[in-house]
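Visitor: just to be clear, the model below is a prediction. Sequence and coordinates:
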Amino acid sequence: MNTKTLIRIGGVIILAIALFFGYTEFKYLQRHETTDDAQIDGDVNPVIPKASGYVKAIRFKDNQFVKEGDTLIVLDDADYKIRVAQADAALQSAMAGDRVSRSQVNVASASVQNSQASIQTARDQVATAQANVALAQARARKSNQDFERYSRLLAEKTIPQQQFDAIQADRDAAQAQVMAAQAQLQTAQSQVNVAGTQTGITSSQRKATQGQISVAQATIKQRQTDLDLANLQLSYTVVRAPASGVVSKRSVQVGQLVQAGQALCSIVGNSSLWVTANFKETQLNQMQPGQTVDIDVDAFGGEKLVGHVGSFAGATGAKFALLPPDNATGNYVKVVQRIPVRIDLDKNSPLYAKLRPGMSVTVAVDLQK
């Protein structure tokens, strides 16, 4: 054979190969819809405190796996413990007041035991005064701590003098309340000695005392609610993991003041991953849930995943944008829209554990399976 003949034969062979692969690709595209506008998605749970305070300790490291309920961050709880003490003292005071009212009713119903009931009433008043002293002392401790803290802030010139003066006035008022409560306690104790000389109360006074019992019972419920709330807020100083996963995007340091509702970090769960593929609206004519999907992950070239079409978004991606397009204004240019399609993954695949939300993938949906 001469050279020209070999060239012709080679050209025919190359043309035949090209036609074969072209036909194969044509048949493949006829039964598949593909797109590279797709990525791995997963649940990203923000870690948000329910209370404000200074960070006392951080119990995790970046990219560490944690379980649901693990302690992540501990806030300074000194202020919250004082609030619990105040609420508990107020509850004890209300309960003592209730006992006082009930003792007065017993005195009115049995005048023969008037002296003994009066003595008990006086003792209950002593208990009330003691509870008031405890409440005043708790408030005084809180005011002193605030005064010391704001003194340092004033020295650093981070707060105005007017705010410091208000804190100082609160401290002085709290100290005055302690002295007044202590004086009331002394008065109540002196009344115990003379309570035996008291006489019975009238029927109108008895009715008034019964009304006081109802008020005292309502006060006890309110004080119990305040105590429960204070304990609940104290529990919020321990920030726990809302879900299992890898902690990432940490934005908090020890000593930092955090506010309730502020995102401190995120937990990326790996137990539920899927693919979000943005297909053109013209590709969805024959696509339906349940169809098999071949997934090629860019990070693992050559290795593929298998998934299935799960569901279709309720609107195009443009409708979910921060500024959706308004075709009624300006010059209208028709643009093919894309609709997000959720593709569920096969969790038994060896590649599943390596996947991370945000990875780029290429998907091909088999329209005949």
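Guide: Nice, thanks for sending it over. Keep in mind it's a predicted model, so treat the numbers as computed, not measured. Numbering: from 1, shown residues only.
Visitor: secondary structure class for Gly310?
Guide: In the three-state summary, Gly310 is assigned as strand, counting by DSSP: H, G, I helix; E, B strand; the rest coil.
Visitor: could you pull out the strands for the stretch 251-369 of the chain?
Guide: 257-258, 265-280, 292-297, 304-312, 338-345, 360-366 (DSSP state E, counting those that start in this stretch).
Visitor: now do the contacts for the residue lying closest to Leu229 once chain neighbours are set aside.
Guide: With sequence-adjacent residues excluded and distances taken as CB to CB, 6 or more residues apart in numbering, Leu229 is closest to Ala87, at 7.5 Å. All C-beta atoms are positioned from the backbone trio N, CA, C, and that covers glycine. Contacts here follow CB atoms under 8 Å, 6 or more residues apart in numbering; on that basis Ala87 touches Arg223, Asp226, Leu227, Leu229, Ala230.
Visitor: so the second one versus Met359, what's the distance?
Guide: It refers to Asp226. Separation of Asp226 from Met359 (CB to CB, to the nearest Å) stands at 51 Å.
Visitor: what does the last one give?
Guide: Relative to Met359, Ala230 is positioned 46 Å away (criterion: CB to CB).
Visitor: what of the first one?
Guide: Using CB to CB, one obtains 55 Å as the distance from Arg223 to Met359.
Visitor: neighbour count for the two, which is higher?
Guide: Neighbours around Arg223 and Met359, counted as other CB atoms under 10 Å, are more numerous at Arg223. The numbers are 20 against 17.
Visitor: pretty sure that one is touching Ala94, no?
Guide: Yes - shown here, Arg223 and Ala94 form a contact pair, counting by CB atoms under 8 Å, at 4.5 Å.
Visitor: about what we covered before: host element of the residue nearest to Leu229?
Guide: In this structure, Ala87 is located in helix 78-109 according to DSSP states H and E.
Visitor: surely Ala181 meets Ala129?
Guide: Yes - here Ala181 lies in contact with Ala129, judged by CB under 8 Å, at a distance of 6.8 Å.
Visitor: and the closest residue to Arg139 other than its chain neighbours, what element?
Guide: Excluding the flanking residues, the one nearest Arg139 by CB to CB, 6+ apart is Ala174, at 4.8 Å. Secondary-structure element containing Ala174, defined by DSSP H and E: helix 161-194.
Visitor: counting by contacts, list what that helix packs against.
Guide: For helix 161-194, the contact count by 3 or more CB pairs under 8 Å, 6 or more residues apart in numbering; DSSP states H and E identifies helix 114-155 as packing neighbours.
Visitor: by contact count, what packs against the helix it packs on?
Guide: For helix 114-155, the contact count by 3+ CB pairs under 8 Å, 6+ apart identifies helix 78-109, helix 161-194 as packing neighbours.
Visitor: most neighbours per residue, which of the ones you listed?
Guide: Between the helices and strands packed on helix 114-155, helix 78-109 has the highest mean count of neighbours, a mean of 20, where neighbours are mean count of other CB atoms under 10 Å.
Visitor: name the next helix or strand following the helix or strand hosting Leu6 along the chain.
Guide: Assigned by DSSP H and E, Leu6 belongs to helix 3-31. Of the helices and strands lying after helix 3-31 in sequence (DSSP H and E), the nearest is strand 32-47.
Visitor: for the residue nearest to Arg139, report the pLDDT, please.
Guide: Ala174 is assigned a pLDDT of 73 by the prediction.
Visitor: go on, Ala38?
Guide: Looking at Ala38, its pLDDT stands at 92.
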